[in-house]
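K.L.:
Below are the sequence and a predicted model for it; my questions follow.
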Amino acid sequence: MNNQFAFTLKSLRFDEHYQPCEKTRITTNFANLARGSNRRENLRNTLQMIDNRFNALAHWDNPTADRYGVELDIISVEMDLGAPDSARGLPLIEILKATVVDRVTGERTQGMVGNNFSSYVRDYDFSVLLLQHNKGASEFAVPENFGELHGKLFQHFVNSSAYRENFAKPPVICLSVSTSRTYQRTDNHHPVLGIEYRQDEYSLTDEYFKQMGLKVRYFMPPNSVAPLAFYFSGDLLADYTTLELVSTISTMDTFQKIYRPEIYNANSVAGKSYRPSLQYEDYSLTRIVYDREERSRLAQEQGQFVAEHFIKPHRAVLEQWAANYAV
């Protein structure tokens, strides 16, 4: 039963010519940037920001701050349920794979796999299931076994031959910190990841990623103004090279400056005790156009899509599989 679901991986370069494919979640961060009249300029500026951030962090033997370039590939994961009457090629997950290009030596080095994380089932869980569960409720509550199916599907993918044949290391996902929690600065300072922050209580997102087999640590990299949340399964500091860590920081710090400027492009640095807020007004905007309100609306629409085309028609198969899946 554990092996009945099979995965197919497809790769698409994220560059200034990027066009989202039909099965891409249109709420995906990078897909949102590639829409509208400013799409080419958006993409070009985003990629330049990533390269600039990478070279600022990888500053050794790099006197002109242009030695490195970062190439990004969108990895789309499709799932076959393995049943004769089920749909094939169901879109499940999208992640980013980074490749670091050394313009001096010509060497190409694999960067971090994961980075951005996009999931149809997560859209359903947060934008449909969670909202329905709390409709009319006097106090916020989380449904029983919230995130369990999604977590098992993710772990099944990471442990699959499809993943192992393409990637040498487990993924690291990098997200914004939660606006519902307060983070405390520690004395731990990593040369690349920066200053570590900790919190007393995990957020709902942290708990959701725990279902995926991922732990979390929060670091504010050098010259950043707020900590990032890093989700990983092994040892974040020991399992990955310096260039791998720099690749995910440069990529996701750039995305967060675009999507969460109130937090990551603020004009002041997070203090010893830090509570993120999207209501903060002292921040700078990038030149990149991004419609956050549209993205929130589309997340609900796509949550409904996965409910109708994935969860409801295949509920019996999914529930049976999840009940028998041993993590």
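P.N.:
Perfect, I can see it now.

K.L.:
Quick check: the nearest residue in space to Ser178 that is not next to it in sequence vs Tyr264, distance?
P.N.:
Nearest non-adjacent residue to Ser178, counting by C-beta to C-beta, 6 or more residues apart in numbering: Ser203, 3.7 Å away. Yep, even glycine has a C-beta here, placed from its N, CA and C like the rest. For Ser203, the distance to Tyr264 equals 17 Å [C-beta to C-beta, to the nearest Å].

K.L.:
So which of those two has more stuff around it?
P.N.:
Counted by other C-beta atoms under 10 Å, Ser203 and Tyr264 do not tie: Tyr264 has more neighbours, with 23 against 16.

K.L.:
need the contact list for Leu96.
P.N.:
Contacts for Leu96 (C-beta atoms under 8 Å, 6 or more residues apart in numbering) come out as Phe14, Phe30, Leu72, Asp73, Ile74, Ile75, Val113, Gly114, Asn115, Asn116, Thr251.

K.L.:
again, 7 Å this time
P.N.:
By C-beta atoms under 7 Å, 6 or more residues apart in numbering, the contact list for Leu96 reads Leu72, Ile74, Asn115, Asn116, Thr251.

K.L.:
Which members of those residues occur in helices, if any?
P.N.:
Thr251 (DSSP state H).

K.L.:
From the contacts of Leu96, pick the one nearest Gln132.
P.N.:
Set against Gln132, the nearest of the contacts of Leu96 by C-beta to C-beta is Asn116 (26.9 Å).

K.L.:
Name the nearest residue to the closest one, sequence neighbours excluded.
P.N.:
In space, and not counting its chain neighbours, Asn116 is closest to Leu96: 4.8 Å by C-beta to C-beta, 6+ apart.

K.L.:
Now the phi/psi pair for that neighbour, please.
P.N.:
Torsion angles at Leu96 (phi, psi; degrees, to the nearest 10) stand at phi -120, psi 140.

K.L.:
One more: the one 10 residues further on?
P.N.:
Torsion angles at Gly106 (phi, psi; degrees, to the nearest 10) stand at phi 80, psi 0.

K.L.:
That one - how many residues pack around it?
P.N.:
7.

K.L.:
can you give me the strands for the stretch 151-300 of the chain?
P.N.:
172-176, 183-190, 194-198, 215-220, 228-232, 273-274 (DSSP state E, counting those that start in this stretch).
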